[in-house]
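> pasting the sequence and the predicted model now:
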Amino acid sequence: MRHKVINFPRKKLKEVEKPKKRFRCHLSTDKSYEIEVTFHKVHRYFVCSNKWSKSHYENVILGSSVELDNGKFEGTDFNLPSNISLHDYSRIFLSGMCKTDSELFIKFISQAQRFGFIKNYDLTEINIEFGVVFYENEMSREAGHMGWYNIMENDDHVSLVGTLFYKYNGLTEILKKFQEQMNCSIVLTHIDKSDIAIKGYPWNKSSQSFFDNKLIFYFQ
């Protein structure tokens, strides 16, 4: 006697999405390109809020300081009064430039398909514009100075623009670090938002659409 074999449809196993981290260390296996940058303009905009009643003063700016915005302070340290903290709207704006090997830079950047237009330019010198957003120091070992960049095509040149999320360790460090003329290294990568938990702090300080068409850089 022959038995008929009935094949029951198998349930397709649901793919489990790998949990994402808020921070990601720069790995030696990452595709990256390091540039040396000189920021010749550093514009500070510091505003303060009430530290102890932060939930009530979330959007209330209590004051600012011309001395701080100008990067001037007496002595070797500067500390805000115990009841005052930097408001989330505090920013630093950096303008500068870097020199690159145009051929190597174009080869690296053009690997990201959206930047194919840069092949039409000589990128020996590149204008750079960064905004700096501060976030509170965290215990995570991977928390660091990470940012998001884009390449913008202007009338006759190309600019590298981005936002640096800088781990805040007090005003003293900030005032000493961000001074004209400021020299630093920046490591550009091809890493995008798909590898980062952008809904978590500090990325939730920006809208979700902010991360569209942007890649990660590391500030050193």
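That came in fine, so what should we check first? Small disclaimer: the values here were computed from a predicted structure and weren't measured. Numbering: from 1, shown residues only.

> just give me the neighbour total for Thr38.
14 (other CB atoms under 10 Å). In this view, the C-beta of every residue, glycine as well, is placed from N, C-alpha and C.

> now do the same contact list for it.
Shown in contact with Thr38 (CB atoms under 8 Å, 6 or more residues apart in numbering): Gly96, Met97, Cys98, Gln181, Met182, Asn183.

> need the worst-confidence member of those.
Sorting the contacts of Thr38 by pLDDT puts Gln181 at the bottom of the list (88).

> columns secondary structure, distance to Lys107 and neighbour count on top of the contacts of Thr38, output as TSV?
As requested, the contacts of Thr38 are exported to TSV (DSSP: H, G, I helix; E, B strand; the rest coil; distance: CB to CB, whole Å; neighbours: other CB atoms under 10 Å):
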residue	secondary structure	distance to Lys107	neighbour count
Gly96	strand	23	21
Met97	strand	20	14
Cys98	strand	16	20
Gln181	coil	29	10
Met182	strand	28	15
Asn183	strand	25	9
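
> helix/strand/coil for Arg114?
Recorded secondary structure, Arg114: helix (DSSP: H, G, I helix; E, B strand; the rest coil).

> which residues does His145 contact?
Shown here is His145, whose contacts under the criterion CB under 8 Å, 6+ apart are Leu164, Phe165, Tyr166, Lys167, Tyr218, Phe219, Gln220.

> take the residues you listed and keep only those in strands.
Counting by DSSP state E, the members of the contacts of His145 that fall within strands are Leu164, Phe165, Tyr166, Lys167, Tyr218, Phe219.

> of these, closest to Ser49?
Checking the ones in strands among the contacts of His145 against Ser49 by CB to CB gives Tyr166 as the nearest, at 18.3 Å.

> neighbours of the closest one, how many?
With neighbours defined by other CB under 10 Å, the count for Tyr166 comes to 21.

> same check on Asn120?
When neighbours are counted by other CB under 10 Å, Asn120 registers 9.

> any idea of the pLDDT on it?
What the model reports as pLDDT for Asn120 is 83.

> what backbone torsions are found at it?
Main-chain torsions, Asn120, degrees, to the nearest 10: phi -90, psi 0.

> show me the helices in this protein, by range?
Chain-ordered helices for the chain, with DSSP state H as the definition, fall at 66-69, 102-109, 171-177.

> about what we covered before: got TSV for the contacts of Thr38, with distance to Thr124 too?
Listed next are the contacts of Thr38 as TSV, based on distance: CB to CB, whole Å:
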residue	distance to Thr124
Gly96	15
Met97	10
Cys98	10
Gln181	20
Met182	21
Asn183	18
